[in-house]
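Trainee: using only what follows, build the 3D model:
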Amino acid sequence: MKEKHITLGEFIIDKQTDFQYSSGELSKLINSIRLAAKVVNYEVNKAGLVDILGATNTVNVQGEQQQKLDAYANEVFMQALINREIVCGIASEEDDNYITIKGKNNDNNNKYVVLMDPLDGSSNIDVNVSVGTIFSIYRRVTPTGTPVQEIDFLQKGSQQVAAGYVVYGTSTMLVYTTGYGVNGFTLNPAIGTFYLSHPNMQYPKDGVIYSINEGNYVHFPQGVKDYLKYCQKEEGDRPYTSRYIGSLVSDFHRNMIKGGIYIYPTSTKAPKGKLRLLYEANPMAYIAEQAKGAASDGYRRIMDIQPTSLHQRVPFFCGSKNMVKKANEFMGQYPDDANY
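Mentor: The predicted structure is shown next:
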């Protein structure tokens, strides 16, 4: 008998009872992200045919030149979430501050806030390299019926109720978790439907891939330099293979499937690291741990870090559990570097 192909919509409905506060809102929220991902995918696939490549004349809050697709993806995801009136607030890597959203009756009774990186790796779009979207979902901590506040967004990663990413590549995949494992869905572009293609995704405990921009080697802390020498030493299953795309979603996705570690450390050029805790590190750490991997800043679990600002940056070590553990051991030999 032919196995039934499960759609993302069917999967969401089937798993709705897993949610601690099941009322249908979180399911609708995931569905909104699904819709926005399909719209962005359509534009990404037209890149080179329409005027969507290159930079705008604006610089975002991160001090980075904003790409046209950054602005487009940000608007698409914002509108998909706002129009369905199912969240009380949104924070985006592309915006200076969070926005408050009122519900259907002009109230503030919605329960969830969303944090997102609308188009991670967008600088690579001009050369046809895979890019992605990252999202993170929390239950608000302030009382319902009141306007959302910054404290609703500055929660530890361990408080996430869902997180995921979309990778726009040779095929488009939506991967997410609600705390019950990680599942991946591949888009069938002919009919616009996501189908479950990668159930129960898990990191191998060990891997043979390390992903880091080695061009910055001289700027890395000594613990990272020592770990890279370990990766390159011929012993046992080493030397490991170096694979670095420069798009977090793409590097993370490959390493989760094949086994590996992704590292974006502090450096003399980026003393606090470069990745954003709320929009990139926390959601990816949640996915990694649900896939039996690990994520740290080199010294402590990423999801135990208390955020202090919306655009806070952190160093990031993420991947197969034993590889992250070994990297942490090398970093631990230089405790002073933990004060980034």
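Trainee: residue 296 - how many residues pack around it?
Mentor: By other CB atoms under 10 Å, 23 other residues sit near residue 296. For glycine as for every other residue, the C-beta is placed from the backbone atoms N, C-alpha and C.
Trainee: contacting residues for it?
Mentor: Taking CB atoms under 8 Å, 6 or more residues apart in numbering, we find residue 296 in contact with 302, 317-318, 324, 327-328.
Trainee: quick one: it from residue 302, how far?
Mentor: Taken as CB to CB, to the nearest Å, the spacing of residue 296 relative to residue 302 amounts to 6 Å.
Trainee: shared neighbours of the two, anything?
Mentor: Counting by CB under 8 Å, 6+ apart, the residues touching both residue 296 and residue 302 are residue 318.
Trainee: from memory residue 326 sits against residue 227, does it?
Mentor: Yes - applying CB atoms under 8 Å, one finds residue 326 in contact with residue 227, separated by 7.2 Å.
Trainee: comparing the two, which residue is more hemmed in?
Mentor: Using other CB under 10 Å, the more surrounded residue of residue 326 and residue 227 is residue 227, with 27 against 17.
Trainee: for residue 221, see how far away that one is.
Mentor: Using CB to CB, which is the criterion applied here, residue 227 is 10 Å from residue 221.
Trainee: what residues are shared contacts of the two?
Mentor: residue 331.
Trainee: got a list of what the residue lying closest to residue 320 once chain neighbours are set aside touches?
Mentor: Using CB to CB, 6 or more residues apart in numbering and skipping residues adjacent in sequence, the residue nearest residue 320 is residue 207, 4.1 Å away. Contacts here follow CB under 8 Å, 6+ apart; on that basis residue 207 touches 240, 255, 258-261, 319-320, 323.
Trainee: go again using 6 Å as the cut-off
Mentor: With contacts taken as CB atoms under 6 Å, 6 or more residues apart in numbering, residue 207 has the following neighbours: 259-260, 320, 323.
Trainee: could I get those residues as JSON lines with neighbour count, pLDDT and distance to residue 34?
Mentor: Shown next, in JSON lines, are these (neighbours: other CB atoms under 10 Å; pLDDT from 0 to 100; distance: CB to CB, whole Å):
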{"residue": "259", "neighbour count": "20", "pLDDT": "98", "distance to residue 34": "28"}
{"residue": "260", "neighbour count": "27", "pLDDT": "98", "distance to residue 34": "28"}
{"residue": "320", "neighbour count": "27", "pLDDT": "98", "distance to residue 34": "29"}
{"residue": "323", "neighbour count": "30", "pLDDT": "98", "distance to residue 34": "32"}
